[in-house]
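J.: here you go, sequence then predicted model.
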Amino acid sequence: MCCWFFLRRMGPVLLLWVAVCLSGSWAVDKGNFKTCDQSAFCKRQRAMKPGESPYRALLETMELTNTRLTLQLINDNNKVRLLLELYRLQGNITRVKINELKPLKPRYEVPDVLIREPPTEPLSLLSQDENGVVLSLGAESQRVIVSARPFRLDIVEGRDVLMSLNSRGLLGFEHLRMRKDTQADPEAENKEGTDPANPAETAKEEEEKVEDGMWEETFKTHTDSKPSGPSAVSLDFSLPGVEHVYGIPEHGDSLKLKTTDSGDPYRLYNLDVFQYELYNPMALYGSVPVMLSHNARRTMGIFWLNAAETWVDISSNTAGKTVFGKMLDYVQGSSETPQTDVRWISESGIIDVFLMLGPTPRDVFSQYASLTGTQAFPPLASLGYHQCRWNYNDQEDVRSVDAGFDEHDIPYDFIWLDIEHTDGKRYFTWDPHKFASPKEMLQGLQDKKRKMVAIVDPHIKVDTNYKIHNEIRSRGFYVKNKDGGDYEGWCWPGSAGYPDFTRPDMRAWWASQFAYDQYEGTMENLYTWNDMNEPSVFNGPEVTMHKDAMHESWEHRDVHNLYGLYVHRATAEGLIERSGGVERPFVLTRAFFAGSQRYGAVWTGDNAAEWDHLKISIPMCLSLGLVGISFCGADVGGFFKSPSTELLVRWYQTGAYQPFFRAHAHLDTPRREPWLFGPENTALIREVIRQRYTFLPYWYQLFYLAYQTGEPVMRPLWVEYPQDPATFALDDEFLLGRDLLVHPVTEEGARGVTAYLPGKHEVWFDIHTFQKHNGGQNLYIPVTMSSIPVFQRGGSIIPRKLRVRRSSTCMEHDPYTLYVALDNRRTAEGELYIDDGHTFNYEKKELMHRKFSFANGVLSSVDLEPNAQFTTKSWVERIIILGASKPSMVTLKTADGENQLEFDFDASMSVLTIRKPGMNAGADWTVTLQ
C-alpha cells in the first residue's frame, strides 16, 4: 500500500507532505525518486572515463597462504592504498574483496546474509613476473591472472577468458577523509591516515577536487548531512561471449536485462513506489544484487554483497544490432566476439563480490545457495489460494466471505486482514469494535481447516498508551536520528518510530511479541504479513528513511537494503518460537535482499489492474527465482484500479500457475470476490482455482526441491534448454520445475497465442486435451476465455489430487492420480514427496519421497529415502498414461501379491486410463502393461 490514501484520512495534518504523496493520479511521480544525475555518488562515479585507471597492483606486497591471496593496490593519483583479498571457495566460486588498507574508521561489511563463512580451497601460484601473477583455481585448468599496471583481474579457463575485473579501468574507491572545512582534529597527528603507506590526509589529498554532494546533498526538501563524506565504491566486469544477462531484481522490466548506455542504470534501493511504471530501471521494493550471465556454453553469476544504494550499468557491443546487422557481420567475417560489460556502483561499504563460475544453470543456483541459503520450505497450505483486500471490514465480513467460497464451491486456504483490523494502526492489536473476538473468528476458520494472515508493519505508532511503543522506547530499540534522538517519521498511524531491526536484541524482542500470551487473540492458524518494510516513511526523502539516521554506530545509508530482510527474519523467527520450534512459519514480505528466501514469500507490490501489469508479473517472478527467491507472486487482478472481467479471469488463470497465488485489491476499488462477476466468470475462476489445487502435490515437491537445492520453482526455459538460443529472451511463458510449461494468455481480446515448445527431440502434451505436440517449434494455440495453455513434458510423471475440497488440509488423505507422459523412447519418470505439511519434522526424516519410473511397459514406485519414517493414508486411485499403446492386460504387483487391473484405452488420443489400482502411495509396487 502507498501513501496517497493516508493523506485523505489525515486531512490537513499532512498537507506539508503533499509533495511526497499523490492524490488521485494513480501513477508514479518520478520526481519523488532520484535519477543517477540526482544521486551525487552515482553521478561522480558514472563520470569516470574508461581506460584511465589510476590503480596498480604492488606485487611486492603480495602474500599467499593456503586459503587466500592479499595484495595492495595503490591509486597513483592520490597515493591511497587499498587491500585486495582473493579467495578460492568450494564449489567453483571466487571471492574478491577490496577495502582501504588503513581506513579512517571501519567501513561497513554486510553481516547476516551469508549462511556461514564460505569454506575455502587451496590457491597455488603458477607464475609471477614484474607484470603480474598467475594463480591456479584447481579444476578444469582455471586460472586467475592478476595484472599489475593498471590493476586488472582475469579469470581464464583453458584459452577462454570467462570474466575480467577492472578491464575497463572503472574501479573506483572513495577513501574516507577528514572534511577540510572542519576544525583540525587534535588527534589527527596520531591517526594511521598519516602513515606514509596511506597518506590520505597529506597534501596530496588537498589537491583532490571537492564536488557538490560529497559532504552534503539535498533532494527536494531533504538534506543528507553525510558526516562521513564521500565513500562510494565501484567496479566493472567484462563478460566475453555473453549477450544475455538476468537478475538484479526488483524492477518492472523484461527478464533479459537491457543495456543502460542511453539512460539511467538499474537502481537497487528498496523504496515504496506508488503504482510503479513498467519497462524502466527504477528501484522498487526489494533488491537482490545478483546478476546471471548465460550463453550456450556457460552460465555464471556475480553476487555484489553491498546493502547500500547501488546502481548497475550494462553495456554490450551487440546491443542495438538488428538481426540483419549480425548477419552482415557474419558474412563479412567480423571477428568481434559478443561481450557484455557490467558496472556496479554503491554509495558506501566495501567491494565484496562472489564470482559464481557455473558452468551450468544448476551449478550457479547451487553456488548461490551455498552462500545465502535456499528457499524456506513453506507449509503446504500456503501453496493454496489466498483471498485478500484492503480491508475486510469486520468479523462478520470475514465470516460472509468465507461462507461465499463454500456457497460457490471454490477452495481457499487463507483469508487476509490489512491495516484496518488493528486498533488505530497499532500493530499486534485488534480493533475493539470490528474485531472484538478474534479467537472466535480464527476458531471458525480452523473448524473448516482454513487460516488467516494479519498484517504487522514495522512502523510503530508514537503513543504512550501503546505497550509496544513504550517497550521499544524504554529499551532504546528505535533507530536514532543524526542528533541521537529517536528517529520519527510519518506512516499509517501518523507519527511513528522505526525499530532498529539490525540489532539482534531488538529482533529477539520483536520475535517474542508473537507468542500467544503476548499477541492477544492469536491462534496457531494466524500468520503474518510484513508490508512497508523498505522502510516506508511518507515524509522522508524518496518516501524512505533519511540516510544519516543511525543504527547504533552505522548510518542508515550503509544498511538500507537490509532493513526489510531483518524485519522478515525477526517475524519468521517469532512464528517459529511461538510454536516451540515445531511449526513452519508463513510470512509475506514486500522488501527483500539476498537471503530473504530463507524467511518466506515475497510479492511484486502495488501493481495495477492493467494488462501490462499482468504481463510483467511473469518476468518479475522469473527474475526473483533466478536469484533464489522462488516464493513469488503478484496481486491477482491488480491492486490499484478495477480490472475488466476479462482481465480478472486471465489474471486468475496466470496466478494459478505462479508460486504465490493471492488476490488483493485497494480499499477504494469495488469488491471483487470471485463470485461477483456473473455465473460464467465465477465458473471460469472456480475452474482455474480448482486446477491449482489438483496440482498441489507437484507444487509441494517443487518447493521441497527448491529448499534442498536452490533451484527455482518457476523458471525461464533456458534453465532447462541452456543451448537453445530461442529460449534466452523468452519471458511470456515459463516452466514449473522441468515438467510443466505454461503460456498464459496476457493479451486483451486474444483469439490465440503462439507458444514455443522447446527440445527438438521432446514431445509435449496439452494437459487439458492430451493432444501431443513435438518440441522445437512455435505452436499456434487458438484460445477461448476458458483456455490456459499448459503442457506436460513427455518423459515426466506428475502426481495430482483430483478430489478438490474446501482447503488443502481437507485433501490431506485424498488419493492421487498419476499422469504419465511418455517421451519418444516411451519412458517417463517423476517423484512424489509427502510429509505432515506444516511442521519441521521433515528435518528429522519424518517424510516420504518416492520415485516413479516407466520403461519397457513397466511403471514402478521405489523409495528415495529408505531411512525416512512416515506413513500416509493416501492411495493411488488412477493412472493416466499419455502417448500409450493399447495393452492386452494390465497387472499390479505389490507385497500383497499380483492382480489384474481394469483399464480404458482412447485410441484417437493414445491415452490409457488404469482404474482403481488402489495401492498405498507409500508402498513399493509395479504396474506391468502386457
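T.: Good, I have the coordinates. Residues are numbered from 1 along each chain as shown.
J.: might one say that residue 275 is in contact with residue 606?
T.: Yes - contact criterion C-beta atoms under 8 Å: residue 275 and residue 606 qualify, at 5.9 Å. Just so you know, the C-beta spots here come from the backbone N, C-alpha and C atoms, and that holds for glycine as well.
J.: look up how far residue 118 lies from residue 63.
T.: For residue 63, the distance to residue 118 equals 20 Å [C-beta to C-beta, to the nearest Å].
J.: so between the two, which is more surrounded?
T.: residue 118 (16 against 10; other C-beta atoms under 10 Å).
J.: let me see the contact set for that one.
T.: Each residue near residue 118 by C-beta atoms under 8 Å, 6 or more residues apart in numbering is listed here: 87, 89, 90, 93, 95, 354, 370, 371.
J.: pLDDT value on it, please?
T.: pLDDT, residue 118: 98.
J.: that one: what secondary structure?
T.: In three-state terms, and counting by DSSP: H, G, I helix; E, B strand; the rest coil, residue 118 is coil.
J.: what's the spacing between it and residue 95?
T.: Applying C-beta to C-beta to residue 118 and residue 95 gives a distance of 7 Å.
J.: spit out the residues that contact these two alike.
T.: 87, 89, 354.
J.: would you convert the contacts of residue 118 into a markdown table that also reports distance to residue 544 and secondary structure?
T.: A markdown table is the format used below for these (distance: C-beta to C-beta, whole Å; DSSP: H, G, I helix; E, B strand; the rest coil):
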| residue | distance to residue 544 | secondary structure |
| --- | --- | --- |
| 87 | 34 | strand |
| 89 | 34 | strand |
| 90 | 37 | coil |
| 93 | 32 | strand |
| 95 | 30 | strand |
| 354 | 27 | strand |
| 370 | 32 | helix |
| 371 | 27 | helix |
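J.: from those, list the buried ones, please.
T.: 87, 89, 93, 95, 354, 370, 371 (16 or more other C-beta atoms under 10 Å).
J.: which ones are touching the fourth one?
T.: Counting by C-beta under 8 Å, 6+ apart, residue 95 touches 85, 86, 87, 89, 118, 352, 353, 354, 355.
J.: what's the answer for the last one, then?
T.: Taking C-beta under 8 Å, 6+ apart, we find residue 371 in contact with 93, 114, 115, 118, 303, 354.
J.: work out for me the element the residue lying closest to residue 254 once chain neighbours are set aside sits within.
T.: Nearest residue to residue 254 in three dimensions, chain neighbours excluded: residue 619, at 5.4 Å (C-beta to C-beta, 6 or more residues apart in numbering). Counting by DSSP states H and E, the element that carries residue 619 is helix 611-626.
J.: just the buried residues of that helix, please?
T.: Applying a neighbour-count criterion of 16+ other C-beta under 10 Å, one finds 611, 613-626 buried in helix 611-626.
J.: now it: how far from the chain's centre is it?
T.: Chain-centre distance of helix 611-626: 11 Å, with C-alpha atoms, centre = their mean, to the nearest Å.
J.: and that helix, average pLDDT?
T.: Confidence over helix 611-626 (mean pLDDT, whole number) is 98.
J.: again, but for stretch 290-309
T.: Stretch 290-309 shows a mean pLDDT of 99.
J.: which residues in the stretch 351-500 of the chain form helices?
T.: Using DSSP state H, counting those that start in this stretch, the helices found in the stretch 351-500 of the chain span residues 361-372, 395-407, 438-447, 467-475.
J.: in CSV: the ones you listed, plus mean pLDDT.
T.: Listed next are the helices of the stretch 351-500 of the chain as CSV, based on pLDDT from 0 to 100:
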stretch, mean pLDDT
helix 361-372, 98
helix 395-407, 98
helix 438-447, 98
helix 467-475, 98
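J.: quick one, which of those gets closest to residue 821.
T.: Shortest distance between residue 821 and the helices of the stretch 351-500 of the chain, using C-beta to C-beta, is found for helix 361-372: 22.3 Å.
J.: can I get that closest one in CSV, CA atoms only?
T.: C-alpha atoms of helix 361-372 as CSV (Å, rounded to 0.1, in the frame of the first residue of the first chain):
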residue,chain,number,x,y,z
PRO,A,361,22.5,-23.0,-14.6
ARG,A,362,22.0,-25.6,-11.8
ASP,A,363,25.6,-25.1,-10.7
VAL,A,364,25.0,-21.4,-10.3
PHE,A,365,21.9,-22.0,-8.3
SER,A,366,23.8,-24.4,-6.1
GLN,A,367,26.7,-21.9,-5.7
TYR,A,368,24.4,-19.1,-4.7
ALA,A,369,22.5,-21.3,-2.3
SER,A,370,25.8,-22.4,-0.7
LEU,A,371,26.4,-18.7,0.1
THR,A,372,22.9,-17.3,1.1
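J.: got the angle for it vs helix 611-626?
T.: 70 degrees (axes from the mean of the first three to the mean of the last three C-alpha atoms, to 10 degrees).
J.: tell me how far helix 361-372 is from the chain's mean position?
T.: Using C-alpha atoms, centre = their mean, the offset of helix 361-372 from its chain centre is 14 Å.
J.: do the same with stretch 49-69
T.: The answer for stretch 49-69 is 34 Å, by C-alpha atoms, centre = their mean.
J.: list of residues touching it?
T.: Contacts with stretch 49-69, where a contact means C-beta under 8 Å, 6+ apart, come from 70-78, 81-82, 84-87, 120, 122-123, 125, 128, 130, 132-133, 135, 146-151, 166, 168-171, 236.
J.: inside strands: which ones of those?
T.: Judged by DSSP state E, these include 70-75, 81-82, 84-87, 125, 128, 132-133, 135, 146-147, 236 as members of strands.
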